[in-house]
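Chemist: task: produce atomic coordinates for the following.
(2 chains)
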Protein chains: 2
Amino acid sequence: MTVRTKNLYPVIMAGGSGTRFWPLSRQLFPKQLLKIGGEQTLIQQTMQRVLGCAPSSQVLISTNAAQAELIRGQLGDWKQDLKDGFVLEPEGRNTAPAIALAALEVVRRDPNGLMLVVPADHVVSGQREFSAAVALASQLADEGYLVTFGIKPIRPETGYGYIKPNGRKLLGTRGTLKGYRVDKFVEKPNATKAAQYLKAGQYYWNSGMFVWRAATILDEIRTHQPALGKVVDRIAQLQASGAPKQTIDEVYRWATSVSIDNGVMELSSKAAVVPVKFRWSDVGSWGSLDEVAEKDKSGNVLVGRVIDLESSRSIVYADRRVVATIGLEDMVVVDTPDATLVCPKSRAQDVKKVVEILKQQKAPEHLEHLTVHRPWGSYTILEEGAGFKVKRVTVNPGGRLSLQLHHKRSEHWVVIAGTARVTRGEEVFDLQVGQSTAIPVETKHRLENPGKETVHIIEVQNGPYLGEDDIVRFKDDYGRTANG
Amino acid sequence: MTVRTKNLYPVIMAGGSGTRFWPLSRQLFPKQLLKIGGEQTLIQQTMQRVLGCAPSSQVLISTNAAQAELIRGQLGDWKQDLKDGFVLEPEGRNTAPAIALAALEVVRRDPNGLMLVVPADHVVSGQREFSAAVALASQLADEGYLVTFGIKPIRPETGYGYIKPNGRKLLGTRGTLKGYRVDKFVEKPNATKAAQYLKAGQYYWNSGMFVWRAATILDEIRTHQPALGKVVDRIAQLQASGAPKQTIDEVYRWATSVSIDNGVMELSSKAAVVPVKFRWSDVGSWGSLDEVAEKDKSGNVLVGRVIDLESSRSIVYADRRVVATIGLEDMVVVDTPDATLVCPKSRAQDVKKVVEILKQQKAPEHLEHLTVHRPWGSYTILEEGAGFKVKRVTVNPGGRLSLQLHHKRSEHWVVIAGTARVTRGEEVFDLQVGQSTAIPVETKHRLENPGKETVHIIEVQNGPYLGEDDIVRFKDDYGRTANG
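Modeler: Predicted coordinates for the structure are as follows:
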């Protein structure tokens, strides 16, 4: 069912960096890019969900430059409509400044525009219930409220904030749904309090989703976070006067780093809550996959080439390798091409400590996968050792790498799929499957896919230094000057 | 301390196929080739141990053709002395026929020769105690006994046979060591019996190591396994008359498949036992690593790039990848380039069921590793997909592959270390690091290492069929006609 509110602008918050789903998520490949609880990735699921409420041309994606390419890749089906939909944070300053930037964009498009703010990496089931809740919230937002969605607790969770509606202040209804003024917000409670809230039945989880008029949230930011309000207003002026991006980015650095919950919602007199009927999970850790994934008879989630004997209530993710598990109980096993995790579900939150250790060790396994996505395709490191590196490189139809040279390495390319167009020095020639070429040190070269089939090549690099930063770019289709 | 008995011939039994240490062991890469309980592999440790009792020129290795190359590779330090020391079983027929073949070789060398039979894949600590026990056993063997070594039980083990000495029949002493006639052999007991034996203190584990005169064991085989005796005598005749290997192999097929324990020891009146003082483990499963490996303060055995938080009594083997473990208790985690195992120690015996499933699936992961050793060096599969395969190939100094051609695939070679000599059609040329060549379909070619440094190349194969059996061999240094 589609219940669309004409002037509703969905804002997908996609700036998070993923540590809690390591090793499947990486700093540069966060959770919203993973397939969790469905055939689609979380951000694709989120996109589908908000399209039940608004057309794709009204969707905004709030993220950072590093992630925008990957997200564009995953949202390719809506490529045209999303072209101007990316609102890039110059740097991570928490949710209030990011939401303010998106609100400026909405106001620019429609001074009365409503925003539906949703995290990119949550799982929701019940599209009809979701759309209905958004429709009621939009109604209240039109009346000037900052509307949250309240999730009925199903366990004494200590990791979320809670919202208590004021039952005597009914603001509106839609079918069986009701909207209330908020009596109070409660920060993450201890276990005793959480158990009381669960029993009392008058407290709801704060889902981190909101509907409000863009102009209203900007006003509330000015009221409750005046320093941030000044930064936001200055950015609006600079944008209107066509100031260069670098100047605007500089001003953004001065924005107060504060969450929208602490900085505005908890202080505002306009907060409202709609207790919802859809199922929701923030899938905050491997342990919480239980809430959203399909399980076998023994309660296991087994993905990939898993050979399991008699395990129960366990989560096993295999990638290309075989993973054999025997007699596990309540365990998590995640196997990726360069890193493997094994822990009890109850310790899954501690994955972030592992990521911290890897970061301290400057180990690449916290940062990105062996397969790295680029605007033109991707590369996968097959092996590296003293003086050599072997990659499989894919180039999308129509894609091409920059015209470049390397000071320290020579490269050999062997085509294994598609037809590759190669520029080498002054020559330009095509290579078919089974053909190869050698690119000497200091020779300008370019790889390009003029066809309709994805090109795959095996690249063998030789040289004393093989870092990605040994690259001099002459021309690039994607406006890049540094490596990539 | 070296206590050598002049006419003692150590026979290392190295024919086992390894399933219980999967995924580190494979059918074609069994447990004796692994580093367990030391810096050396088990067969290297075994070699060192028997060299405390006899010179390397007297050591025999009983194995099969498939494993002989790998064992030669690991025992390279004794290459010259072991040249004629390999006694190859034409096919696996259990221990009695294999021991008979070795006995024939010992008798040929020395009609009065003694044999020290030791499995290649056990861990023993206490070289001095080992040598002393062998010295006493040799004394008794010279008097015509079939001598076993009795290990003092340290737990109520149901997986071993037990030996009860006859305390009134002392056959000899050496220092504090004593040798007795055997009162009885007991097959693997149930748990109750095993507990009784442990308490009684008069029962010893049968370690599967023996000393006897070669002529004596042949006589006892003739007495207790007359059918096998006839096969053995016929083989001796054929060997003496210089019959072709194929004929001898054909006769061996008729040998009774029986273990030396069931077939001879338990029936013989000449059995003796020396209760020993050295520490012994057959490291029969991942769980038993505890007996032989160094542990950290929490009782963990952590090998490789392991990031562990608060695990205890667990075994974690990482290869090149990072393995992160959190809060494990009594678990086994083994990570290899193509397969990962996770199970509680108590279920480690069930690894063989996993191997059985892989075998049924015809999955390569039960058979061999991604790195495969060959007489000339090794190759490692880096990636394979539709129409291509990428390998890293190493060629030892002086090694060369066969002169060969492929009907279905072309190959590209890029040298990443050393100097490779390439035969391609009629040409012969050398390639340095960073140089490459292409071998078209149906073109005779050969790869060779004329230098002193190991050659490494990256090989990219293209073609509709990339099986190892698409190979036509013209010349081979290692006498092979099939693939390899």
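Chemist: which helix or which strand is home to A:L447?
Modeler: Using DSSP states H and E, the element containing A:L447 is strand A:445-448.
Chemist: given the next helix-or-strand element following that strand, what are its sheet partners and their directions?
Modeler: Using DSSP H and E, the helix or strand that follows strand A:445-448 in sequence is strand A:455-462. The strands beside strand A:455-462 in its sheet (DSSP bridges) come out as strand A:388-395 (antiparallel), strand A:410-417 (antiparallel).
Chemist: that's a strand at A:A135, yeah?
Modeler: No - counting by DSSP: H, G, I helix; E, B strand; the rest coil, A:A135 falls outside a strand, being helix.
Chemist: tell me how many other residues surround it.
Modeler: 19 (other CB atoms under 10 Å in any protein chain shown). In this view, the C-beta of every residue, glycine as well, is placed from N, C-alpha and C.
Chemist: now do stretch A:325-341: distance to the chain's middle.
Modeler: In terms of CA atoms, centre = their mean, to the nearest Å, the centre of stretch A:325-341 is found 24 Å from the chain centre.
Chemist: and it with chain B, contact?
Modeler: Yes - Stretch A:325-341 reaches chain B (CB under 8 Å from any CB of the partner chain) through A:T325, A:I326, A:G327, A:L328, A:M331, A:V333, A:D335, A:P337, A:D338, A:A339, A:T340, A:L341.
Chemist: nearest spatial neighbour of A:I416, chain-adjacent residues omitted?
Modeler: B:F388 (3.8 Å; CB to CB, 6 or more residues apart in numbering or on different chains).
Chemist: hey, what's that neighbour bridged with?
Modeler: Going by DSSP bridges, B:F388 forms beta bridges with B:G385, B:N462.
Chemist: same thing with the one 5 residues further on?
Modeler: On the basis of DSSP bridges, B:V393 is bridged to B:Y379, B:I457.
Chemist: ok, A:I315 next?
Modeler: A:V301, A:V332.
Chemist: need the contact list for it.
Modeler: A:W286, A:L289, A:D290, A:A293, A:N300, A:V301, A:M331, A:V332, A:V333, A:V334, A:K345 (CB atoms under 8 Å, 6 or more residues apart in numbering or on different chains).
Chemist: quick check, nearest of those to B:L75?
Modeler: Comparing these against B:L75 with CB to CB picks out A:V333 as the nearest, at 37.2 Å.
Chemist: can you count the residues close to the residue in the stretch 51-200 of chain A that chain B sits nearest to?
Modeler: Nearest residue of the stretch 51-200 of chain A to chain B (CB to the nearest CB) works out as A:G159 at 17.9 Å. As a burial measure, A:G159 scores 13 neighbours (other CB under 10 Å).
Chemist: show the pLDDT at it.
Modeler: Model confidence at A:G159, given as pLDDT, is 86.
Chemist: look at it and give its secondary structure.
Modeler: coil.
Chemist: spit out the contact partners of it.
Modeler: So A:G159 contacts A:K188, A:G284 (CB under 8 Å, 6+ apart).
Chemist: let's go with 10 Å and repeat that
Modeler: A:K188, A:P189, A:A194, A:W205, A:D282, A:G284, A:S285, A:S288, A:Q349 (CB atoms under 10 Å, 6 or more residues apart in numbering or on different chains).
Chemist: among these, name the ones in helices.
Modeler: Of the contacts of A:G159, the ones assigned to helices by DSSP state H are A:A194.
Chemist: contacts with chain B among the contacts of A:G159, please.
Modeler: A:Q349 (CB under 10 Å from any CB of the partner chain).
Chemist: among the contacts of A:G159, which are in strands?
Modeler: Those of these mapping onto strands are A:W205, per DSSP state E.
Chemist: quick check, nearest of the contacts of A:G159 to A:S57?
Modeler: A:D282 (28.0 Å).
Chemist: contact partners for the closest residue to that closest one other than its chain neighbours?
Modeler: Nearest non-adjacent residue to A:D282, counting by CB to CB, 6+ apart: A:H122, 5.0 Å away. By CB under 10 Å, 6+ apart, A:H122 lies in contact with A:13, A:31-32, A:36-37, A:42, A:45-46, A:49, A:207-209, A:280-284, A:292.
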